[in-house]
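In: model the following, please.
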Amino acid sequence: MSKIVKSDDEWRNELSSEEFRIARKKGTERAFTGKYWDNHENGIYLCRCCGTELFSSDTKYESGTGWPSFFDPVAKTNVALHEDRSLMEVRTEVTCARCDAHLGHVFEDGPRPTGLRYCLNSASLAFKKR
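Out: Predicted structure coming up:
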């Protein structure tokens, strides 16, 4: 998978201001406001910035947090994990491995079989129905 690198101006031309703030500047949407937190359709969640397949609806579950939550990515090579100390605590940021878009964070309080909760921003995602 080849890396996608663009300037902020190029991303601004392709994304809404909210998508840019979240996906490119590590923002967060308010809980229960994103378009996918309550989506129950069958399909694949893609990176909004580059179209990389990230998560399947088969791994999506109701976490009660107000953000789309998944217990496993489509392929571990499609996401990257980074230490995040931005809120005076250590968290693990999840980004798209191909274009470095900020997706959200992963926590170790999810369901079986992984025990993980990938808590993502809808603005960083696109959805393709199966």
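In: contact partners for Pro73?
Out: By Cβ atoms under 8 Å, 6 or more residues apart in numbering, the residues touching Pro73 are Leu54, Phe55, Thr59, Val79, Tyr118. Bear in mind the C-beta positions are built from the backbone N, C-alpha and C, glycine included.
In: OK, contacts around Asn121?
Out: Counted by Cβ under 8 Å, 6+ apart, Asn121 has contacts Ile22, Ala23, Gly27, Thr28, Glu29, Gly34, Trp67, His102, Leu103, Gly104.
In: so which of the residues you listed are in strands?
Out: Residues of those located in strands (DSSP state E): His102, Leu103, Gly104.
In: which of the residues you listed lies closest to Phe127?
Out: Leu103 (13.7 Å; Cβ to Cβ).
In: so for the nearest residue to Arg30 once chain neighbours are set aside, what pLDDT did the model give?
Out: For Arg30, ignoring the flanking residues on the chain, the nearest one in space by Cβ to Cβ, 6 or more residues apart in numbering is Gly66 at 7.8 Å. Gly66 carries a pLDDT value of 97.
In: touching, Gly66 and Tyr36? I think so.
Out: No: Gly66 lies out of contact with Tyr36 (Cβ atoms under 8 Å); the separation is 11.1 Å.
In: the two: who's more crowded?
Out: Set Gly66 next to Tyr36 and count neighbours by other Cβ atoms under 10 Å: Tyr36 wins out with 20 against 15.
In: what's the single longest helix in the chain?
Out: The helix spanning the most residues in the chain, taking DSSP state H as the definition, is helix 8-14.
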